[in-house]
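In: Sequence isn't available, so here's the structure alone:
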């Protein structure tokens with residue numbers, strides 16, 4: 001039997017340079033809103049603050065907190081059996 005190397009960080013989120021994808025998405029959302037509203041400077045400054053607070057919150061949670069929250073609130077479905085993530089008990 002041959003030993004298999006298991007990676008330590010299988011469930012980590014994808015990264016763009018040194019940012020997580022979720023942080024880039026939040027900053028891009030503020031950038032787009034600022035561009036549409038023609039208040040790009042204000043929204044870029046706000047995005048820096050919001051991304052800083054968001055990354056601090058996310059680092060204090062377990063890995064994969066955002067996908068789990070999206071399943072719980074019903075934004076994504078887990079699979080074909082459990083279509084609604086808001087159901088806390090399932091009796092067959």
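Out: All right, it came through fine. What you see is a predicted model, and the numbers here were worked out from it, not measured in a lab.
In: alpha carbons only for contacts and neighbour counts from here, please
Out: OK.
In: any idea how far residue 55 lies from residue 6?
Out: Distance of residue 55 to residue 6, given as CA to CA, to the nearest Å: 27 Å.
In: neighbour-wise, which of the two wins?
Out: Between residue 55 and residue 6, residue 55 has the larger neighbour count (other CA atoms under 10 Å), namely 15 against 7.
In: thinking that one is in contact with residue 23, fair?
Out: Yes: Residue 55 is within contact range of residue 23, at 6.9 Å (criterion: CA atoms under 8 Å).
In: tell me what the worst-scoring helix or strand of the chain on mean pLDDT is packed against?
Out: Least confident helix or strand, the chain: helix 65-73 with a mean of 76, by mean pLDDT, DSSP states H and E. Helix 65-73 makes packing contacts with no helix or strand when contacts are defined by 3 or more CA pairs under 8 Å, 6 or more residues apart in numbering; DSSP states H and E.
In: Can you give the distance from it to the centre of its chain?
Out: Remark: helix 65-73 is offset 9 Å from the chain centroid, using CA atoms, centre = their mean, to the nearest Å.
In: hey, where'd the helices end up in the protein?
Out: With DSSP state H, the ranges of helices along the chain come out as 21-37, 40-59, 65-73.
In: Below-threshold pLDDT in the chain: ranges please.
Out: Where the chain drops to pLDDT under 70, the residues are 10-11, 77-92.
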